[in-house]
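Asks: With the input below, show me the fold.
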Amino acid sequence: MTLSLLPPIYHSIVYTLSFVSLIVTDSLPKDASFDSLQGITTLFNNPNGVFVGWVHYLVFDLLVGRMIVMDAAINRDIPYWLHIVVVCPCLVLTLMAGPMGWMSYFILSNTILPPLVNSTKEKKE
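Replies: Residues are numbered from 1 along each chain as shown. Have a look, this model is predicted:
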């Protein structure tokens, strides 16, 4: 099973260009910074800052979602119905609340999902 990295690569490029543009064009408000909650709040009051933050979340969600799908489909070889019942809700949660979705999958994968299948190296021996 091959999952394309094109969407996260595309969004990473958009993020990088947007972030650099935000810094280089000096379009940040004077009080915007990453070292305090007030500075981040100021940054997110700027539409350009919100866009960069939004793309940042998209890249995170796509990469974590891809990791979840690959772990479930390839490393665990779970049945289709279990994928729908367990993995799909974790993917929705990852999209809506990134770290909570990943944590949900992490907990479920270590409690109710089948254990990791042997690696191909171990299967050959």
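
Asks: So, low pLDDT: which residues of the protein?
Replies: Residues of the chain that meet the criterion pLDDT under 70 lie in 1-3, 118-125.

Asks: Buried residues, the top helix by length along it. List them.
Replies: Secondary structure of the chain per DSSP state H: the longest helix is helix 47-70. For helix 47-70, the neighbour count (16 or more other Cβ atoms under 10 Å) marks 49, 51-53, 55, 58-66, 68-69 as buried. (C-beta placed from N, C-alpha, C; glycine too.)

Asks: Distance of Asn75 relative to Val64?
Replies: Asn75 is 15 Å from Val64, where distance means Cβ to Cβ, to the nearest Å.

Asks: about what we covered before: what's the following helix or strand after the longest helix of the chain?
Replies: Following helix 47-70 in sequence order, the next helix or strand is helix 80-82 (DSSP states H and E).
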